[in-house]
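**Q** fold the following and give me the result.
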Amino acid sequence: MLAIIQEELAKYEVLQCRTTEKLIKRRSTRQKSPLCYVSIEETFDVVKSTHISTGHVGRDRMLKELQNKYANIPIKDVELFNDNRSEFTTQVITELKEVWPKQTLVHGKPRHPQKNSALHSGINWSPYSTMFGCEARVGLTTSSLPMEVNARMETEEDLLAVTPISPVSSVENHRVAERIKEIKRRRHEAADAHTSQAERMVKRSRVDLRDGEQGDNVAVPVPLVDRERGDPRNILGVIIDRREDTDQYKIAVKACILSGLYSRNQFDLCPQRLLNIDNMNTEKTVSLRSAVISQSASGGQGFTRCDCAGAQKCSTRRCKCLKAGLLCNSRCYNSLNCCNK
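**A** Just a heads-up that it's a prediction; the model follows:
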């Protein structure tokens with residue numbers, strides 16, 4: 001019986017800082033980061049503080065951070081905390097809508113400076129740990145020391161008492177060599193994970209985006225900076241050529257051929273062929289903005305205004321509006337009458 005008790009006690013050790021003592025998992029060396037044991041009463045506060053310090057992230061990121069500091073935080077406690085948090089958030093939102101019915105809720109993911117130390121789903125590591133082989137540390141709050149020990153530290157001697165620094169030795173040189181191997185391993189795994197993620201994205205895009213053929217009708221999205229507010233968001237065109245080597249397409253619209261080549265994800269295929277190549281003007285090539293302007297009912301992006309004066313205002317080609325084939329608008333000479341309205 002005594003042997004069993006001694007075997008169980010050998011699994012633990014005590015970390016002491018001044019008058020504070022914490023039960024931790026026994027370490028093979030004093031330089032290894034301590035993993036603390038927390039009581040049932042402390043579990044909620046520990047999980048909550050970790051949730052706040054990591055930038056209100058999800059279960060997996062919280063669990064990884066907790067496992068770096070504590071030895072007995074089960075995954076069920078983290079899941080329970082996240083579930084209760086979701087229910088509490090839903091209840092708060094419902095009450096806010098009852099108090100202020102006209103309010104608008106904006107959904108989105110907040111941006112936090114901790115993103116370089118957060119777990120990246122594509123590479124299965126955080127960007128910082130992939131680069132340097134260890135997790136990011138900013139002060140004692142991100143160390144593996146418990147909060148009670150950090151709060152009682154007042155001098156450098158207190159820090160050295162819980163984290164002794166030994167002189168450089170063959171053991172330390174071995175640790176440096178192991179760190180270099182760890183960095184190379186993580187970078188290699190990150191590169192493989194990125195390659196695998198790219199292959200999955202290409203495979204998914206080939207399923208969702210079928211290849212276009214010559215004569216297919218397409219809808220090319222027009223960026224907001226290239227169109228007027230009243231212009232359509234897409235311009236209809238026809239595929240007139242496809243480069244097999246680069247998998248890019250040449251597209252023509254009614255007024256011209258669009259300059260440059262388009263990849264498959266830059267346009268949508270129309271289910272029917274409303275236009276054919278014979279309806280297209282293939283004699284000139286212009287930019288997308290110029291093509292939109294040629295089909296715009298309001299003159300396209302921007303506006304044309306004149307500042308003509310005199311008795312015969314806007315009756316000659318000197319008028320910018322008349323020269324552009326447009327009627328004068330309210331921005332011309334304070335909306336006074338003219339010959340081009």
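**Q** so what's the gap between the helix or strand that contains M131 and the chain middle?
**A** Element membership for M131, per DSSP states H and E: helix 127-132. In this view, helix 127-132 has its centroid 18 Å away from the chain centroid, taken as Cα atoms, centre = their mean, to the nearest Å.
**Q** I'd like to know which elements it is packed against.
**A** helix 170-208 (3 or more Cβ pairs under 8 Å, 6 or more residues apart in numbering; DSSP states H and E). Using the backbone N, CA and C atoms, a C-beta is placed for each residue, glycine as well.
**Q** for burial, what's the neighbour tally of C328?
**A** 24 (other Cβ atoms under 10 Å).
**Q** could I get the full set of strands for the stretch 201-341 of the chain?
**A** Here the stretch 201-341 of the chain has its strands, by DSSP state E, counting those that start in this stretch, at 217-221, 234-243, 248-252, 257-258, 262-263, 268-269, 285-286.
**Q** ok, residues contacting the longest one?
**A** The set of residues that contact strand 234-243 without belonging to it, under Cβ atoms under 8 Å, 6 or more residues apart in numbering, is 211-222, 248-254, 257-258, 261, 267-268, 270, 274-277, 279-280, 282, 288, 291-292, 295.
**Q** in it, what's buried?
**A** 234-240, 242 (16 or more other Cβ atoms under 10 Å).
**Q** how about CSV for those, with pLDDT added?
**A** CSV is the format used below for these (pLDDT from 0 to 100):
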residue, pLDDT
N234, 91
I235, 90
L236, 90
G237, 91
V238, 92
I239, 91
I240, 91
R242, 89
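**Q** just give me the closest of those to E199.
**A** Nearest to E199 among the buried residues of strand 234-243: R242, at 23.5 Å, using Cβ to Cβ.
**Q** beta partners for that closest one?
**A** Y249 (DSSP bridges).
**Q** tell me how this structure divides into domains.
**A** Domain assignment for the chain by automatic domain parsing gives 2-164, 217-295, 304-341.
**Q** how about the ones you listed, which one is nearest H194?
**A** Closest among these, once you apply Cβ to Cβ, is domain 2-164, at 6.1 Å.
**Q** quick check, V92 in a helix?
**A** Yes: counting by DSSP: H, G, I helix; E, B strand; the rest coil, V92 is part of a helix.
**Q** give me the pLDDT value at it.
**A** For V92, the pLDDT comes out at 71.
**Q** ok, it to A219 distance?
**A** 42 Å (Cβ to Cβ, to the nearest Å).
**Q** check V207 too.
**A** For V207 relative to A219 (Cβ to Cβ), the value is 20 Å.
**Q** ok, these two, which is more surrounded?
**A** Counted by other Cβ under 10 Å, V207 and A219 do not tie: A219 has more neighbours, with 15 against 8.
**Q** list the beta-bridge partners for that one.
**A** Residues in beta-bridge contact with A219 (DSSP bridges): L236, D268.
**Q** report how many residues lie close to T130.
**A** 20.
**Q** wait, it sits on A190?
**A** Yes: under the criterion of Cβ atoms under 8 Å, T130 makes contact with A190 at 4.6 Å.
**Q** which neighbours do the two share?
**A** By Cβ under 8 Å, 6+ apart, the residues touching both T130 and A190 are I123.
**Q** packing partners for the strand or helix carrying K64?
**A** Taking DSSP H and E as the definition, K64 sits inside helix 59-67. Judged by 3+ Cβ pairs under 8 Å, 6+ apart, helix 59-67 is in contact with helix 40-53, helix 75-99.
**Q** can I get stretch 236-243 in PDB? Just the C-alpha atoms.
**A** This file holds the C-alpha atoms of stretch 236-243, laid out as PDB (Å, rounded to 0.1, in the frame of the first residue of the first chain):
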ATOM      1  CA  LEU A 236     -23.000  40.200 -70.800                       C
ATOM      2  CA  GLY A 237     -20.500  38.800 -73.200                       C
ATOM      3  CA  VAL A 238     -19.500  35.800 -75.300                       C
ATOM      4  CA  ILE A 239     -16.500  33.500 -75.100                       C
ATOM      5  CA  ILE A 240     -14.600  33.900 -78.400                       C
ATOM      6  CA  ASP A 241     -11.400  32.100 -77.500                       C
ATOM      7  CA  ARG A 242      -9.800  29.900 -74.800                       C
ATOM      8  CA  ARG A 243      -6.100  29.300 -74.100                       C
END
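**Q** if we can go back for a sec, want to throw the domains of the chain into CSV with distance to V202?
**A** What follows is the domains of the chain, written out as CSV (distance: least, Cβ to Cβ, whole Å):
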stretch, distance to V202
domain 2-164, 14
domain 217-295, 11
domain 304-341, 45
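**Q** closest one to R185 among those domains?
**A** That would be domain 2-164 among those, by Cβ to Cβ, at 8.4 Å.
**Q** could you give the separation of the closest one from the chain centroid?
**A** 24 Å.
**Q** before we move on, what about stretch 275-291?
**A** 37 Å.
**Q** what comes up buried for that stretch?
**A** 275, 280, 286, 288-291.
**Q** ends of it, what's the gap?
**A** Start-to-end span of stretch 275-291 (Cα to Cα, to the nearest Å) is 16 Å.
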